[in-house]
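In: I'll drop the sequence and a predicted model, then ask my questions.
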Amino acid sequence: MSEVEDYTGRTGRNETREEQLDRNWAELLQELRVLQTGVQILAGFLLTLPFQQRFEKLDDWEVGLYLANVVIAALTTAFILLPVSVHRRLFRKRLKEMLVSSADTITKIALGGIALLSAGTAALVFDVAAGRSAGVVAGGALLGVMVVLLVFVPLRLNRLATGRVLPTAGEKE
C-alpha cells in the first residue's frame with residue numbers, strides 16, 4: 001500500500017478499509033496509465049522498423065533481438081491491461097482487496113517487462129548503430145541500471161521509511 005503502516009496497521013489517514021482500497025486502486029490505475037504510455041512509444045517504434053529499408057540488412061541476431069522485443073512489448077501490454085480485465089471479472093463481487101493485491105503484483109511484473117523492453121530496444125539500436133559489442137554493453141548496462149532503479153531503490157526507500165535501514169557500502173551495522 002502507498003502509506004507507511006504503523007504496528008497497528010493504521011495508515012495515518014482517517015479512512016475506512018474500503019476507502020483505502022478505493023484510493024489504492026485509483027493510484028494503481030494511474031501508475032498503469034504512465035506505464036502504458038511508455039510501452040506504447042517503444043512498441044510503436046519497434047513496429048515501424050520492418051518497414052524501413054535498412055531492416056533487410058539486419059543479421060539473424062538483430063532480427064531475433066527485434067522479434068524478442070516485439071514479444072516483450074506485447075506481453076508487457078497484456079500485463080498492463082490485465083488489472084482492467086481482472087476488475088471486470090471481480091466487479092461487484094466485494095473482492096476489492098483481492099483486486100488491489102493482484103493489480104499490485106501485476107504492475108510489478110509489468111515494470112519488469114518495461115525494464116527488459118527498454119534494455120532490449122537499446123541493445124538493438126546500439127547493435128545496429130555501433131556494432132554487436134556496443135549493443136551487448138548498452139543493453140546489459142541499461143538492464144543493470146533498470147534493476148537498481150526499479151528494485152533496489154524502492155527496497156532501500158522502504159527500509160528507510162520503516163526504520164530497517166541496511167548499511168550502505170562502507171558503513172558499519
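Out: Sure, I can see it.
In: what separates the residue positioned nearest the centre of the chain from residue 38, distance-wise?
Out: Centroid-nearest residue in the chain: residue 111, 0.8 Å away (criterion: CA atoms, centre = their mean). Per CB to CB, to the nearest Å, residue 111 is found 10 Å from residue 38. Quick note: C-beta positions are derived from backbone N, CA and C, even for glycine.
In: could you dump the strand or helix carrying residue 156 to PDB, C-alpha only?
Out: Under the criterion of DSSP states H and E, residue 156 resides in helix 153-162. In PDB, the C-alpha atoms belonging to helix 153-162 read as follows (Å, rounded to 0.1, in the frame of the first residue of the first chain):
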ATOM      1  CA  VAL A 153      15.900   2.000  -4.900                       C
ATOM      2  CA  PRO A 154      12.300   1.200  -3.800                       C
ATOM      3  CA  LEU A 155      13.600  -1.500  -1.400                       C
ATOM      4  CA  ARG A 156      16.000   1.000   0.100                       C
ATOM      5  CA  LEU A 157      13.400   3.600   0.500                       C
ATOM      6  CA  ASN A 158      11.000   1.100   2.100                       C
ATOM      7  CA  ARG A 159      13.700   0.200   4.600                       C
ATOM      8  CA  LEU A 160      14.400   3.900   5.300                       C
ATOM      9  CA  ALA A 161      10.600   4.600   5.800                       C
ATOM     10  CA  THR A 162      10.200   1.600   8.200                       C
END
